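**Student:** 3D, please:
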Amino acid sequence: MSINRNISKLGGALRKDKIARELDDEIQTHIDMETDENVEGGMKPDEARQAAHRAFGNVALAQEDSRGAWIYRWANDFAADLKFGVRMLLKNRGFSAVAVISLALGFGLNTTIFTVVNAILLHPLPVRVMHWINAIAIFIMIGSGWKIYNDDVILGWLHFPDGLVIGKWAQYGLQWHFFGMWIFVLNGLAYISYGIATGRFRRKLFPIYPREVLHDLFAALRGHFSHDDISMYNAVQKLLYLGILVTGVVIVLSGLSIWKPVQFHLLTSFFGGYNTARYVHFAAMTAIVAFLVVHVLLAVLVPKTLRAMILGR
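**Tutor:** Next up is the predicted model:
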């Protein structure tokens, strides 16, 4: 039974490309038919095709919605496999107990080691690894997000050059975006868990006092940067790093409400609807890009901060 099911999964994976091509052909046929009707109505060919695209909506999102049924089936299979695994663990309680105790000891030992290392190094190895993984994920998400934006613009005067986007077509951009999104989410969860478990967030980001924020902000605006001890963040840095963590959460939640507005209708309603969620998502992306510009500029002005993120000290 299990073998047949796995063979069926493999066959479905091999047929996925064929199904995707058929879906693309179906959408293109629909747009072509709409274009022909517009031409018959007196429009010029270029105007007719543009009108057909506007009437159809975002092609990439329509393709993704159609693939929702495939994802749902795989989710059911995953749930069934998970239930089977739980039943096997309950059936073999001795093995399960040994496994749980081993994992608990492993987690405890790792936490102890990380705490000691964290006290020695400015940026422990886990922080550096997660930092550079996050940099790659954000680069992918921004470039692919700009490609998706070009397919359905929000601001009529803003269009990102093809040299700055990722993905030849909007659908490829969407696939890259989801790839980067999963890396960003999983890496972000690991980073937040690590920061809380080791107390790094408590030591680095708190407390924040408004008076110190204003003092350090005015000092920065006058060009007075104090980086004698890069292990300590000033009040403005604390506020920015805390703000970018919140922005990361907002961009993921708003992205989910755009991706699946029906399935996550409560989340979409929280953002004020689909269109408002797009504006929120775009604003969060803009905030992240602005943060990256400042972040890179400071790394150039104070090279030892970049060295610390590479070597740890």
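**Student:** what strand or helix carries L186?
**Tutor:** Taking DSSP states H and E as the criterion, L186 maps to helix 170-197.
**Student:** and that helix, what's buried?
**Tutor:** By neighbour count on 16 or more other Cβ atoms under 10 Å, the buried set for helix 170-197 is 170-171, 173-178, 180-181, 183-184, 187-188, 191, 194-195. Quick note: C-beta positions are derived from backbone N, CA and C, even for glycine.
**Student:** which one is A51 nearest to, not counting chain neighbours?
**Tutor:** Closest residue in space to A51, ignoring its immediate chain neighbours: N38 at 5.2 Å, by Cβ to Cβ, 6 or more residues apart in numbering.
**Student:** I'd like the distance between the one you found and A48.
**Tutor:** Applying Cβ to Cβ, to the nearest Å, the value for N38 to A48 is 4 Å.
**Student:** kindly report the same for S144.
**Tutor:** As defined by Cβ to Cβ, S144 lies at a distance of 29 Å from A48.
**Student:** looking at these two, which one has more neighbours?
**Tutor:** Higher neighbour count among S144 and A48: S144, with 24 against 19, using other Cβ atoms under 10 Å.
**Student:** tell me which helix or strand that one sits in.
**Tutor:** Assigned by DSSP H and E, S144 belongs to helix 125-151.
**Student:** contacting residues for V39?
**Tutor:** Neighbouring residues of V39 by Cβ atoms under 8 Å, 6 or more residues apart in numbering: P45, A48.
**Student:** same check, this time on F271
**Tutor:** Neighbouring residues of F271 by Cβ under 8 Å, 6+ apart: L253, S254, S257, A277, V280.
**Student:** with adjacent residues omitted, what lies nearest to the first one?
**Tutor:** The one in question is L253. Ranked by Cβ to Cβ, 6+ apart and with sequence neighbours excluded, the top spatial neighbour of L253 is L267, at 6.2 Å.
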